[in-house]
Structure formats: C-alpha cells, structure tokens
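**Q** I would like the atomic coordinates for the input below:
(2 chains)
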Protein chains: 2
Amino acid sequence: ARPKVGYLYSGNKPINLISEKIHGITVNDIKSIPVVVDEQTTLYDALVILFLEDVGSIFVLSEGYLAGAVSRKDFLRNIMGGTDVNKVPVGLIMTRMPNIIMTYPNETVLEAAIKIIDHEIDSLPVVEKVKVDKKEYYKVVGKVSKTNITRVFVELGINN
Amino acid sequence: ARPKVGYLYSGNKPINLISEKIHGITVNDIKSIPVVVDEQTTLYDALVILFLEDVGSIFVLSEGYLAGAVSRKDFLRNIMGGTDVNKVPVGLIMTRMPNIIMTYPNETVLEAAIKIIDHEIDSLPVVEKVKVDKKEYYKVVGKVSKTNITRVFVELGINN
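**A** The predicted structure is shown next:
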C-alpha cells in the first residue's frame, strides 16, 4: 500500500491551503535585488541612483557590510534642512546600525511583514550574518518591501 | 429540521476560509484617512503637511474634488530640478486626472492590490463619484496603500 504522506484533503478541496502558503512562503522566495551604496557616496550621487533604480530606499554599506539605510523621506528632510547634497555623504544622514530592522532568507514572509508593520518602515534588508574576528557583520543579500508583500497578497488571491 | 445555510465545514476545519476572506474584504473595511490639500497650496506648505502627517503621498483637490496626487518622489524630483518650493503650487507638479488610478469603497482589497501592483504605485484614493451638471467628479473618502494591504496580510496570517 502507498504510505500515507502529504496533505489532508476533504474531497477535492484543500484544507487551509492558503494558510499553509502564508506560513510557508519564505523571504528567500520573494526577495528583490537590493540597491546599495557605500557610506562615502554623496547625497547627490545616492539620489541619482534612487531615481535611476526607482526605489524608495537604499541600503548603505561600510567595507561591504550593512551600516545603515536612507529613504526618500531622509533625503527630503535633509534637502529641506539645507544640507549640501554635493558634499555630505549618505553615511552622515542614514539611519544606522543597530537601529536597522533586518530579515533573514529563511524567515517567513509573515514574520517580515509583521516587522514592517510593527516598526512602521517600508522595507527590510535581507541579510546573512558573517563573523570576522569574533565580531558580527551583515551581508545584504536582498530586500523585502511592502511591494513584495502586496505582490504575495495578489498572488494568493488570484490563485485561490 | 434546521435549514441548511452557512459555510461548509469538514469537522472543525473551515474550507478555504482565508480565500473567502481575501475575496470578501472590501476597500471600505480597511481604508485609511486620506491627506488632502487644495491645488493652490505651495510645495513648501504641502511638504510640511507631508512630514507632519508622515505620509508618502497627498491627494490634491480642485474645488473639493480629486484633481491629482503628489508623492515624495515628485517633491524630490522638483526640488532637485530647482523648483521654487515657496512659489510653485502643488497643482503645477502633481500627476493629474485622468491619470490617477482610483478605487471605490465597495471594491475588494484584492482588486485594489492588483491596481497598485499593475500600475506600480504606492497608494490609491478611495473615491465616490458625484455628478454635477452632467459632469463627473470624484470625492476623496479614503486612501488604500501598500501599508493597508500589508496589514491585511499580517492579520490573515496571524489569525489563521
């Protein structure tokens, strides 16, 4: 006889299939390519990248590892405040570690969405932890934003 | 005998309950309060409102009806381009009707989410159509953004 494995079915109707999906989709399944700049980049150059890539936020690296994040709101606030965009580097205006909320490839999309809502932010860097000389650093391997979550919502709705 | 009404159950497990929810939640159930300004408002005054209300976009009214929308991106682009924020009104830089994608109170959240993804926008004005002298106008009664959709996703996941 065939072994009894797999999902429970009631007739042809999957039980709580969407629930399984919501809890089964990982950050790795839906992450986007992150836009990153070095902390020495001027606000002007970072703004050009922001527009060219058409993203709402950029992750900032120091020696290749996550150091902070800057958003359209940060740029607007600083420009309105008179900051010289041609001289000031993003490292000076960014929200910096350890105040960056992060997610990991194997976290569920639901966990990432909860972080986004709880902390009132637009996106999370997807990171991998690296140990160098007993200190922890974070490599940015992706990005999860409200756009990714909205896309998952649409796919769940259309396919179910 | 009791009449056969209500949902189908298989034991205690609701069949496709989340699917029903995804397709049942309306824009009216989850809409936020919209931030609006008149088209004569200067960019500077609109920016102050943008920061005070901490929103990503503002809907612009002409004689009380929807005329357009301005986002953080629009403000950034214009400031970088040298626009005088103290003199120029939002009506001059806004994305204007009929290029505004709208949603209605009785549309489903899924339909609204599809519009957001398809048109690559952050939020939709929730409107009610009004006829004045045989011309159609739109009253802004709410706002649905990726934040609202992400919140629905979280609630579906946590409660199921």
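
**Q** Is residue A:23 in contact with residue A:110, as I believe?
**A** Yes: if you go by CB atoms under 8 Å, residue A:23 and residue A:110 touch, sitting 6.2 Å apart. Bear in mind the C-beta positions are built from the backbone N, C-alpha and C, glycine included.

**Q** Now do the shared contacts for the two.
**A** Residues touching both residue A:23 and residue A:110 (CB atoms under 8 Å, 6 or more residues apart in numbering or on different chains): residue B:157.

**Q** And these two? Which one has more around it.
**A** residue A:110 (21 against 14; other CB atoms under 10 Å in any protein chain shown).

**Q** Find the residue closest to that one in space, skipping its chain neighbours.
**A** Nearest non-adjacent residue to residue A:110, counting by CB to CB, 6 or more residues apart in numbering or on different chains: residue B:157, 4.0 Å away.

**Q** hang on, that neighbour packs against residue A:113?
**A** Yes: shown here, residue B:157 and residue A:113 form a contact pair, counting by CB under 8 Å, at 7.2 Å.

**Q** more crowded one of these two?
**A** Applying other CB under 10 Å to residue B:157 and residue A:113 shows that residue A:113 carries more neighbours, namely 30 against 21.

**Q** before we move on, which element is that one in?
**A** helix A:109-118 (DSSP states H and E).

**Q** Packing partners of the helix or strand following that helix?
**A** Downstream of helix A:109-118, the next assigned helix or strand under DSSP H and E is strand A:123-132. Counting contacts by 3 or more CB pairs under 8 Å, 6 or more residues apart in numbering or on different chains; DSSP states H and E, strand A:123-132 packs against strand A:65-71, helix A:109-118, strand A:135-145.

**Q** rerun that using 6 Å as the cut-off
**A** In terms of contacts (3 or more CB pairs under 6 Å, 6 or more residues apart in numbering or on different chains; DSSP states H and E), strand A:123-132 is packed against strand A:135-145.

**Q** Show residues contacting the strand it packs on.
**A** A:27, A:31-32, A:34, A:36, A:59, A:65-66, A:103, A:112, A:122-130 (CB atoms under 6 Å, 6 or more residues apart in numbering or on different chains).

**Q** Up against chain B, what does chain A have?
**A** Remark: the part of chain A in contact with chain B comprises A:10, A:13, A:15, A:18-19, A:22, A:72, A:76, A:79, A:110, A:113-114, A:116-117, A:146, A:149-151, A:153-154, A:157, A:160, using CB under 6 Å from any CB of the partner chain.

**Q** again, only this time at 8 Å
**A** Residues of chain A lying close to chain B (CB under 8 Å from any CB of the partner chain) are A:10, A:13-19, A:22-23, A:47, A:50-51, A:56, A:72-73, A:75-77, A:79-80, A:110, A:113-114, A:116-117, A:145-147, A:149-154, A:156-158, A:160.

**Q** Now which of those would you call buried?
**A** A:14-19, A:22, A:47, A:50, A:56, A:72-73, A:75-76, A:79, A:110, A:113-114, A:116-117, A:145-147, A:149-154, A:156-157 (16 or more other CB atoms under 10 Å in any protein chain shown).

**Q** just the helices in chain A please.
**A** Ranges of helices in chain A, per DSSP state H, are A:17-24, A:27-30, A:43-53, A:72-80, A:90-93, A:109-118, A:146-158.

**Q** average pLDDT for the fourth one?
**A** What it means is helix A:72-80. In this model, helix A:72-80 has an average pLDDT of 95.

**Q** Kindly list the main-chain dihedrals of residue A:99?
**A** phi -90, psi 10 (degrees, to the nearest 10).

**Q** Let me see the contact set for the closest residue to residue A:44 other than its chain neighbours.
**A** What sits nearest to residue A:44 in space, not counting adjacent residues and going by CB to CB, 6+ apart, is residue A:85, at 4.4 Å. Each residue near residue A:85 by CB under 8 Å, 6+ apart is listed here: A:42-44, A:47, A:78-79.

**Q** Please repeat the previous calculation with a cut-off of 7 Å.
**A** By CB atoms under 7 Å, 6 or more residues apart in numbering or on different chains, residue A:85 lies in contact with A:42-44, A:47, A:79.

**Q** same thing with residue A:18?
**A** Neighbours of residue A:18 in contact, by CB under 7 Å, 6+ apart: A:156, A:160, B:18-19.

**Q** pLDDT at the residue lying closest to it once chain neighbours are set aside, what is it?
**A** Once flanking residues are discounted, residue A:18 sits nearest to residue B:18: 4.2 Å by CB to CB, 6+ apart. With respect to pLDDT, residue B:18 scores 72.
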